[in-house]
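J.: Take a look and give me a structure for this.
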Amino acid sequence: MFGVIVLVGTYTGGVSAQEPDSLPADSANFPTTFLMEGMTVEASRRLTAVGGASVIELRLDSLASTPIPTLEQALREMPLVRVRVNSRGEAQPSLRGATDRQIAVLVDGVPLTLGWDHRTDLSIIPLTAARSINLIRGLSSVLHGPNVLAGVVEIDVARGNRRMEMPAPATFSMGLDQTGSFVAGATGARLFEPARGQWLVQAGGGFRDRSGTALPESSSMDPLKKAFLSGDGKLRLNSDVRHVDGFMSTRFQGDGGSWGSLTASAFDVERGVPPETHESTPRLWRYPDQRRMIAAFSSGTGQRTTAWGRGDLEASVGIDRSSFMIHQFETLQYRNVVGQEEGQSQTITMRVLGEHTLSHRADLRGAFTYGDVSHTERLGNVVIEQQDYRQRLWSLGSEAEWRFDDLVGWEGLGASQMTFGVVVDGADTPETGDKPTLGRLSDWGVRLGLSSLTAGSSMLFHGGVSRRARFPSLRELYSEALGRFLPNPDLGPEILTGGELGLTWHLTALNLQMVAFHQVLSEAIVRVSVATPDGNKRQRVNRDRIRSTGLELVASGTWERIQYTGDLTFQETWQLGQDSELRSRPEYEPRISSRLSLSTPLYLGSTISSEYRFFGSQFCLNADSGAFDRLDGTGSLDFQLRRRFTRPGRDRFANVDALVSVANVTNGAIFDQCGLPQSGRTVRVQVRLF
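T.: Numbers count the residues shown, from 1 in each chain. Predicted coordinates for the structure are as follows:
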């Protein structure tokens with residue numbers, strides 16, 4: 001709830017022999033690290049996008065919400081990002097009006113969002129192996145690969161080119177809540193330091209067993225919806241999960257700067273999909289089996305001297321294999337299977353990234369990314385029909401960076417930096433089952449960014465503009481979702497054009513970041529309701545423009561003994577018709593979303609914290625009527641009591657982190673999406689040994 005978050009600045013200094021997008025060492029004129037109570041602002045991170053909002057880094061060893069969390073649970077702790085669970089039971093992110101398929105999720109460079117659906121279910125991605133999560137919101141670099149429009153979530157496991165420090169040799173975590181849900185996990189690590197380098201080997205696993213989520217009291221009292229909500233009267237119907245995962249990673253760091261890493265992880269899930277309460281024919285689905293294996297190999301030369309200056313080269317290969325089975329049931333008793341869908345997917349990705357100095361004030365970087373997606377779909381209950389699909393995506397980008405002591409005509413600003421990048425993206429669908437092929441698509445992107453410090457180095461101004469394209473996924477084009485959707489092989493790419501302007505300000509008692517943004521998604525792929533002889537169905541079409549304008553605020557500091565962190569997003573988002581001036585609110589885009597966290601130390605090393613979150617009213621498409629339903633604004637309040645202490649004289653498990661938390665104290669109905677409330681009041685006890 002109140003973990004350590006790192007905001008990474010957007011200025012990268014003025015030395016040539018340094019890691020990409022990194023800063024020179026601390027100096028009296030340019031402190032690179034600002035300590036914020038509960039939040040740390042740094043300006044030394046390779047993923048920083050010059051001219052864009054700061055990178056937010058969440059360190060997993062500081063996260064207190066749950067032991068060995070899933071990616072969904074971790075992102076719900078981060079400022080400015082929204083997470084909602086859709087009608088398929090999948091948790092998806094949202095940033096500045098941009099949705100799941102426009103935000104990339106990568107594990108050690110392997111894009112989990114290149115695949116059958118061009119998005120990934122955050123609720124089943126375990127973070128047992130992860131060291132940290134980096135969130136780049138808004139205008140990210142053009143070098144991240146295809147289909148990266150509006151942000152990047154990168155999970156760091158073993159990749160990197162810095163000298164390693166020994167992590168905890170062994171950790172054990174477990175948690176239990178009042179519904180009987182149980183979580184446990186363990187990791188182990190060993191650091192070897194032979195001649196000429198270091199080797200770090202890590203392994204671990206996790207287990208999660210949930211019989212269901214707590215039922216909000218206000219919803220369970222509604223007689224019209226009780227059948228869709230209640231299983232045994234206390235737990236949300238069909239919300240159980242059983243999840244097992246494991247990982248192993250190896251990393252080498254050479255004394256000369258060369259490095260390499262290999263990571264492999266896998267998980268197996270069985271789970272239900274809670275039915276929607278606002279539709280007469282909700283999905284009555286279960287996933288009896290869902291599996292995924294992810295492997296990534298990366299290596300790099302480190303910074304090397306060449307005949308033209310200094311540079312480095314990095315290459316990575318990833319494989320992402322997954323399978324799932326969906327059972328569709330006839331009634332709310334979930335006994336008679338009336339439909340079945342099976343899918344097997346494989347995504348192979350390759351990426352090469354290079355960087356070289358042009359002078360002591362300029363660098364040039366380039367990247368090539370290729371992804372090959374294969375998917376086999378099997379439909380039917382008695383007669384099984386099989387369809388094979390394949391999609392190839394690629395991206396070639398280049399980015400130049402210049403550093404100045406000041407800007408001409410703006411001498412009062414001080415040290416400044418500018419980047420300019422261009423990219424060409426492409427896609428084709430060589431296999432499309434029994435449906436028409438989409439053909440070959442290509443588009444271009446560009447990004448310009450500028451960051452500048454004030455003379456006193458306490459305020460950083462940053463801004464930029466960008467244009468990127470996203471190609472539709474195989475599922476958007478061809479899937480019928482067990483009869484709920486009509487395919488549309490004529491879908492074209494979405495185009496996002498946007499700009500942002502902001503400042504990051506360090507004061508004695510307050511650290512503040514403000515970012516104003518405006519972006520337009522042209523040829524937006526939206527859901528519409530279509531009347532058919534079998535009833536109303538949904539279809540995805542390129543029909544509208546979605547325009548988002550807003551302001552983001554992030555602040556943290558200390559007032560006497562109280563540490564606070566808060567964020568606020570205010571945005572106006574409209575869906576505009578192509579051939580008319582008619583406009584409407586798009587689905588699940590509230591005008592206001594905010595969060596405030598407070599923490600204060602007590603006695604004997606304990607800390608008490610609270611957090612309040614608010615989401616304004618939003619709208620959703622009602623498939624029964626074809627109209628939009630309004631979802632009122634909701635707020636939630638959480639509390640936690642935490643204590644950390646050390647047991648002297650122990651070689652292992654000498655440190656203990658114990659926590660008791662209460663989520664959704666008021667037990668209110670808090671909706672991520674129409675008809676799908678979050679858990680009711682949940683009391684959790686957990687402990688971590690390391």
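J.: switch to C-alpha atoms for all contacts and neighbour counts from now on
T.: OK.
J.: Do a quick rundown of the helices in the stretch 151-300 of the chain.
T.: Along the stretch 151-300 of the chain, the stretches classed as helices by DSSP state H, counting those that start in this stretch are 217-220, 226-229.
J.: Could you tell me the least trusted of these?
T.: Taking the average pLDDT of each of the helices of the stretch 151-300 of the chain, the minimum falls on helix 217-220, with a mean of 57.
J.: Look up how far A158 lies from S132.
T.: Between S132 and A158 the distance, using C-alpha to C-alpha, to the nearest Å, works out to 10 Å.
J.: same question, S374
T.: When C-alpha to C-alpha is applied, the distance between S374 and A158 equals 27 Å.
J.: the more surrounded of the two?
T.: A direct count of neighbours by other C-alpha atoms under 10 Å for S374 and A158 places A158 higher, at 26 against 20.
J.: how close does the more buried one get to A295?
T.: Counting by C-alpha to C-alpha, the gap from A158 to A295 is 12 Å.
J.: Quickly list what's touching both of these two.
T.: Applying C-alpha atoms under 8 Å, 6 or more residues apart in numbering, one finds that A158 and A295 are jointly contacted by 262-263.
J.: Okay, now the unreliable bits of this protein?
T.: Confidence mapping of the chain against pLDDT under 70 gives the ranges 1-54, 61-66, 160-163, 218-233, 381-383, 407-413, 455-457, 578-581, 623-624, 626.
J.: mind listing the helices for it?
T.: Counting by DSSP state H, the segments of the chain that form helices are 71-75, 217-220, 226-229, 474-478.
J.: residue contacts, the spatially closest residue to R271 that is not a sequence neighbour?
T.: With C-alpha to C-alpha, 6 or more residues apart in numbering as the measure, V241 is the residue that lies nearest to R271, at 4.3 Å, once sequence neighbours are left out. V241 makes contact with 208-212, 269-272, according to C-alpha under 8 Å, 6+ apart.
J.: Format those as TSV; extra columns: distance to D434 and neighbour count.
T.: Shown next, in TSV, are the contacts of V241 (distance: C-alpha to C-alpha, whole Å; neighbours: other C-alpha atoms under 10 Å):
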residue	distance to D434	neighbour count
R208	39	21
D209	40	19
R210	40	18
S211	40	18
G212	39	23
V269	30	19
E270	30	18
R271	31	24
G272	30	22
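J.: What about T301? Give its phi and psi, please.
T.: Backbone dihedrals for T301, given as degrees, to the nearest 10, come out at phi -80, psi -20.
J.: and it, how many neighbours?
T.: Counted by other C-alpha under 10 Å, the residues lying close to T301 total 18.
J.: pretty sure it contacts D255?
T.: No: contact criterion C-alpha atoms under 8 Å: T301 and D255 do not qualify, at 11.2 Å.
J.: wait, doesn't V317 sit right on S298?
T.: Yes: the pair formed by V317 and S298 meets the contact definition of C-alpha under 8 Å, at 6.5 Å.
J.: So for those two, which sits in the more crowded spot?
T.: In this view V317 and S298 are compared by other C-alpha under 10 Å, and S298 has more residues nearby, 24 against 20.
J.: Leaving out sequence neighbours, find the closest residue to that one.
T.: When the adjacent residues along the chain are set aside, S298 lies closest to S316, with 4.1 Å between them (C-alpha to C-alpha, 6+ apart).
J.: contacting residues around that neighbour?
T.: 109, 296-299, 350-352.
J.: hey, what's it bridged with?
T.: The residues paired with S316 through beta bridges, assigned by DSSP bridges, are S298, R351.
J.: mind checking how far it is from P126?
T.: Noted for S316: a distance of 22 Å to P126, by C-alpha to C-alpha.
J.: do R251 as well
T.: Using C-alpha to C-alpha, one gets 20 Å for the distance from R251 to P126.
J.: The two: which has the busier surroundings?
T.: Comparing R251 with P126 by other C-alpha under 10 Å, the one with more neighbours is P126, at 27 against 24.
J.: will you turn the contacts of V241 into JSON lines that also has distance to L95?
T.: Written out in JSON lines, the entries for the contacts of V241 read as follows (distance: C-alpha to C-alpha, whole Å):
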{"residue": "R208", "distance to L95": "28"}
{"residue": "D209", "distance to L95": "30"}
{"residue": "R210", "distance to L95": "29"}
{"residue": "S211", "distance to L95": "31"}
{"residue": "G212", "distance to L95": "29"}
{"residue": "V269", "distance to L95": "27"}
{"residue": "E270", "distance to L95": "29"}
{"residue": "R271", "distance to L95": "27"}
{"residue": "G272", "distance to L95": "27"}
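J.: Among the residues you listed, which one lies nearest to S556?
T.: Minimum separation from S556 among the contacts of V241 (C-alpha to C-alpha) is found for R208, which lies at 33.3 Å.
J.: Show me the beta-bridge partners of the residue nearest to the closest one when sequence neighbours are not counted.
T.: What sits nearest to R208 in space, not counting adjacent residues and going by C-alpha to C-alpha, 6+ apart, is V183, at 4.5 Å. Going by DSSP bridges, V183 is paired in beta bridges with G175, R208.
J.: wait, what's in contact with V183?
T.: 67-68, 173-176, 206-209.
J.: Check the spacing between the most centrally placed residue in the chain and G354 real quick.
T.: For the chain, the residue lying nearest the average C-alpha position, counting by C-alpha atoms, centre = their mean, turns out to be V153 (4.1 Å). Counting by C-alpha to C-alpha, the gap from V153 to G354 is 21 Å.
J.: And L438, by the same measure?
T.: The spacing between L438 and G354, counted by C-alpha to C-alpha, is 32 Å.
J.: the more surrounded of these two?
T.: Neighbours were counted for L438 and for G354 using other C-alpha under 10 Å; L438 has more, 21 against 17.
J.: I'd like the distance between the more buried one and D428.
T.: Separation of L438 from D428 (C-alpha to C-alpha): 7 Å.
J.: same thing with E90?
T.: Per C-alpha to C-alpha, E90 is found 27 Å from D428.
J.: Which strand runs longest in this protein?
T.: Looking across the chain with DSSP state E, the single longest strand is strand 535-559.
J.: and that strand, which residues are buried?
T.: Under the neighbour-count criterion of 16 or more other C-alpha atoms under 10 Å, strand 535-559 has 536-558 buried.
J.: Stretch 490-501 too?
T.: When neighbours are counted by 16+ other C-alpha under 10 Å, the buried residues of stretch 490-501 are found to be 491-501.
J.: Touching it from outside, list them.
T.: Under the contact criterion C-alpha under 8 Å, 6+ apart, stretch 490-501 has outside partners 52, 138-139, 149-150, 438, 461-472, 477, 515-525, 540-542.
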